[in-house]
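> Next come a sequence and a model predicted from it.
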Amino acid sequence: MSNPSNTNPAAPAPSDFIRDIVAQHVAEGKYPRIHTRFPPEPNGYLHIGHAKSICLNFGIAREFGGICNLRMDDTNPTKEEVEYVESIQADVNWLIAGWADKELGLTPAKAPFYASDYFDQICEFAVVLIKKGKAFVCDMTPDQTDEFRRTGKASPFRDRSVEENLDLFTRMKAGEFPDGARVLRAKIIVDAPNIWLRDPLLYRIKHAEHHHTGAKWCIYPMYDFAHCLSDYLEGITHSICTLEFEVHRPLYDWILENLDLPRALPHQYEFAKLIPSHTIVSKRKLISLVNDKIVAGWDDPRLPTISGIRRRGVTAEAVRAFAYHIGVTKYISLTDVAVYEHAVREDLNRRSLRRLAVLRPIKVVLTNYPAGQTEELEAVNNPEDENAGKRKIPFSRELFIERDDFAEVPPPKFFRLKPGGEVRLKYAYIIKCDEVVKDAAGNITELRCTADLDSKTGGATAGRKVKGTIHWVSAAHAVDAEVRLYDRLFTEAEPEKDGRDFKTVLNPKSLELVTAKCEPSLKDAKPELRYQFERLAYFCLDRDSAPGKLVFNRTITLKDTWAKEAQRA
Ligand code: ATP
Ligand code: MG
């Protein structure tokens, strides 16, 4: 039976400019072992963009027999929380599960590393720089510092003696000064063309508890100082990040090169981040969608967060296939979310169990079918997987079909059910609509039909063809399910185009709730399996389900309805 934990049939290993560099280094024997890292800041949940970076970093480790560390880049105590650390760990483990085979030397990201575990060593490195006359304590206000750096002017504190710097830094660490009173800065070039080399900040005072180090520290290293040193301390060989860090690279190198370190130094490589259409991937904005309750939480299936994607029913294999498909380049561009959706459909098509369910039911009574009779009809579980087997579905006199599959006044080329017309019920009989029953208000309450009892699928005269085939469930046997029909969260490809407020282009139809009538086998639906409700979409069981209460999430429709809309427009 299909199982979402199955690994992909051997996908060809991708190739890109970073992998080419790594392959070259492997060929040269430059490092004893390739070592990468994925370094999220635990100030939010991971999203599909991070997934690209995870697949790249863990993927390289996997393909080149190396190791990849998951490292919490936790240098900012005030924005970080344990909840984020835990979610990051869970998301990374989910995404690389089935990939993290020991023979390949891939660390399974079970026990993450923390930059904050290196605070003692990072602090000692700061002292080394001070002693070498390469760092100084600066008393300017943050605004003054910004202004001086912007205009390329030297701080009046730049030429403090080593002794004074050591004394002040020790007292900063001891908690003698309030937040913002002083910082430690590197002494590089005050008017360097690259602003990051203009005596950048290395340490700041923050009297704040840290989620991992508690109250131990009141000074915290800046990202640029902590990052290269964490890479060095972990023995990272290839420090891969997104393009906005390209301008930081000279500083990354300067810090490492000025510490006379004994071991090989890591090197930084940059690639273009993923910018998917019809969504947003800024952590700050995702937080605002959650806080403003526009979505139901971080794992709302409409969000591009890894936890949202997972809850929506997308598999890790699909995300990895997508990441491999889009590749890694230096060119920033918008990636049409349809590319992602295509990867999701391909994956679900392969693994999903086919089931019959009716989302918006209308009742059909087969007037020539005996009341009280039930037949078990045979249905294929997954035409894409011959091992998936077959199942029985009950058929009886009263059925539900999809309201959309009947038209009293059919448009041209309508091959489903219409008054006087015929249609095949999937796996069953051809039926003909004889009568439309309405209530006093004119709403259709029932369709009275006759079945051609010789036309049973697989039967002797089943060869008789009609143009349309529709799905159905037996009314007496149907089980109810709450079905959450998710769609894209934004109507526009670039929600923030030209400075627009992204909240003005939210898709009002991003979630619709219906109570579906499902074939009885769905009573035993399992959260780890994936389902295709035939002719409709792919679904998964939501974690809100309970015994006697089924809740399904629509992962994705069978066809790209957005492309059709765009063509029509
Ligand atoms: P912040 O604004 O909080 O820094 P961030 O998105 O950069 O947000 P990080 O936690 O710093 O988040 O990211 C961890 C890693 O993921 C970094 O190496 C970063 O380069 C990479 N990354 C972040 N966003 C994307 C993206 N959209 N595509 C690919 N990689 C990304
Ligand atoms: Mg970042």
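That came in fine, so what should we check first? Ligands and ions are numbered 1, 2, ... in the order given.
> CA only for contacts and neighbour counts going forward, please
Fine.
> Find the nearest non-adjacent residue to Glu246, please.
Excluding the flanking residues, the one nearest Glu246 by C-alpha to C-alpha, 6 or more residues apart in numbering is Glu270, at 6.2 Å.
> before we move on, what SS does that neighbour have?
Here Glu270 takes the strand state, with states given by DSSP: H, G, I helix; E, B strand; the rest coil.
> surely it meets Val247?
No: Glu270 lies out of contact with Val247 (C-alpha atoms under 8 Å); the separation is 10.0 Å.
> Of the two, which one has the most company?
Set side by side, Glu270 and Val247 show more neighbours around Glu270, with 18 against 13, by other C-alpha atoms under 10 Å.
> Return the residues in contact with the residue nearest to Glu246.
Ile240, Cys241, Thr242, Leu243, Phe245, Glu246, Lys330 (C-alpha atoms under 8 Å, 6 or more residues apart in numbering).
> For the helix or strand the second one falls within, buried residues please.
Under DSSP states H and E, the secondary-structure element containing Cys241 is strand 238-242. Of all the residues in strand 238-242, those buried under the rule 16 or more other C-alpha atoms under 10 Å are His238, Ser239, Ile240, Cys241.
> Asp120: what secondary structure?
Under the three-state scheme (three-state DSSP), Asp120 adopts helix.
> Tell me, how many residues neighbour it?
As a burial measure, Asp120 scores 11 neighbours (other C-alpha under 10 Å).
> returning to that earlier point: can you give the strand pairings for the strand holding Cys241, parallel or anti for each?
Next to strand 238-242 in the sheet, as set by DSSP bridges, lie strand 267-271 (parallel).
> any idea how far the strand it pairs with is from the chain center?
Counting by C-alpha atoms, centre = their mean, to the nearest Å, strand 267-271 is centred 23 Å from the centre of its parent chain.
> next SSE after that strand?
strand 275-276.
> Tell me the helices and strands packed up against that following strand.
Under the contact criterion of 3 or more C-alpha pairs under 8 Å, 6 or more residues apart in numbering; DSSP states H and E, strand 275-276 touches strand 334-335.
> close to ligand 1, is the strand it packs on?
No: residues of strand 334-335 are not located near ligand 1 by C-alpha under 6 Å from any ligand atom, the shortest gap being 10.5 Å.
> begin at 36 from here
All right, first residue 36 from here; so that's strand 369-370.
> what's in contact with that strand?
Leu309, Ile310, Pro311, Ser312.
> hang on, the earlier thing: and ligand 1, which of the buried residues of strand 273-277 reach it?
Okay, of those touching ligand 1 (C-alpha under 6 Å from any ligand atom), that's Cys276.
> What are the buried residues along stretch 589-604?
Buried residues in stretch 589-604, counted by 16+ other C-alpha under 10 Å: Arg589, Thr590, Ile591, Thr592, Leu593.
> for the residue in the stretch 186-335 of the chain positioned nearest to ligand 1, phi and psi?
As assessed by C-alpha to the nearest ligand atom, ligand 1 sits closest to Lys308 within the stretch 186-335 of the chain, at 3.5 Å. Main-chain torsions, Lys308, degrees, to the nearest 10: phi -70, psi 160.
> surely it meets Leu278?
Yes: contact criterion C-alpha under 8 Å: Lys308 and Leu278 qualify, at 7.1 Å.
> ok, the two, which is more surrounded?
In this view Lys308 and Leu278 are compared by other C-alpha under 10 Å, and Lys308 has more residues nearby, 21 against 17.
> residues contacting that one?
Lys308 touches Gly84, Thr277, Leu278, Ile367, counting by C-alpha under 8 Å, 6+ apart.
> with those residues in mind, which one is nearest to Arg68?
Thr277 (22.9 Å; C-alpha to C-alpha).
> Relative to Leu394, how far out is Pro339?
Going from Pro339 to Leu394 by C-alpha to C-alpha, to the nearest Å gives 25 Å.
> pLDDT of stretch 224-234, averaged?
In this model, stretch 224-234 has a mean pLDDT of 98.
> Extract the CA atoms of that stretch and return them as PDB.
Written as PDB, here are the backbone C-alpha positions of stretch 224-234 (Å, rounded to 0.1, in the frame of the first residue of the first chain):
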ATOM      1  CA  ILE A 224      38.800  50.500   7.600                       C
ATOM      2  CA  VAL A 225      36.700  53.500   8.600                       C
ATOM      3  CA  ASP A 226      35.800  54.500   5.000                       C
ATOM      4  CA  ALA A 227      36.000  51.200   3.200                       C
ATOM      5  CA  PRO A 228      33.900  51.100   0.100                       C
ATOM      6  CA  ASN A 229      32.100  48.000   1.600                       C
ATOM      7  CA  ILE A 230      30.200  49.500   4.500                       C
ATOM      8  CA  TRP A 231      30.400  46.200   6.400                       C
ATOM      9  CA  LEU A 232      34.100  46.700   6.800                       C
ATOM     10  CA  ARG A 233      33.700  50.200   8.400                       C
ATOM     11  CA  ASP A 234      34.600  49.200  11.900                       C
END
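> Next one: the residue positioned nearest the centre of the chain from Leu488, what distance?
In the chain, the C-alpha nearest the mean C-alpha coordinate belongs to Ile341, at 3.1 Å (C-alpha atoms, centre = their mean). Ile341 is 50 Å from Leu488, where distance means C-alpha to C-alpha.
> same question, Arg68
On the measure of C-alpha to C-alpha, Arg68 and Leu488 end up 70 Å apart.
> So for those two, which sits in the more crowded spot?
Neighbours per residue (other C-alpha under 10 Å) separate Arg68 from Leu488, with Arg68 holding more: 18 against 15.
> residues touching that one, list them.
Contact analysis of Arg68 by C-alpha under 8 Å, 6+ apart lists Gly100, Gly101, Ile102.
> Columns distance to Asn422 and neighbour count on top of those, output as CSV?
Putting the contacts of Arg68 into CSV (distance: C-alpha to C-alpha, whole Å; neighbours: other C-alpha atoms under 10 Å) gives the following:
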residue, distance to Asn422, neighbour count
Gly100, 33, 17
Gly101, 36, 20
Ile102, 36, 24
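> and the lowest-mean-pLDDT helix or strand in the chain, C-alpha only, in PDB?
Ranked by mean pLDDT, DSSP states H and E, the weakest helix or strand in the chain is helix 596-603, scoring a mean of 76. C-alpha atoms of helix 596-603 as PDB (Å, rounded to 0.1, in the frame of the first residue of the first chain):
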ATOM      1  CA  THR A 596      -7.500  26.000 -11.800                       C
ATOM      2  CA  TRP A 597      -5.500  29.200 -11.500                       C
ATOM      3  CA  ALA A 598      -3.800  28.700 -14.800                       C
ATOM      4  CA  LYS A 599      -7.300  28.300 -16.400                       C
ATOM      5  CA  GLU A 600      -8.500  31.500 -14.700                       C
ATOM      6  CA  ALA A 601      -5.500  33.400 -15.900                       C
ATOM      7  CA  GLN A 602      -6.100  32.200 -19.500                       C
ATOM      8  CA  ARG A 603      -9.700  33.300 -19.300                       C
END
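> Ligand 1 contacts on the stretch 36-185 of the chain?
Pro74, Pro75, Glu76, Gly84, His85, Lys87, Ser88.
> Gln156: which of the contacts of Lys308 is nearest?
Once C-alpha to C-alpha is applied, the member of the contacts of Lys308 that ends up nearest Gln156 is Thr277, at 26.2 Å.
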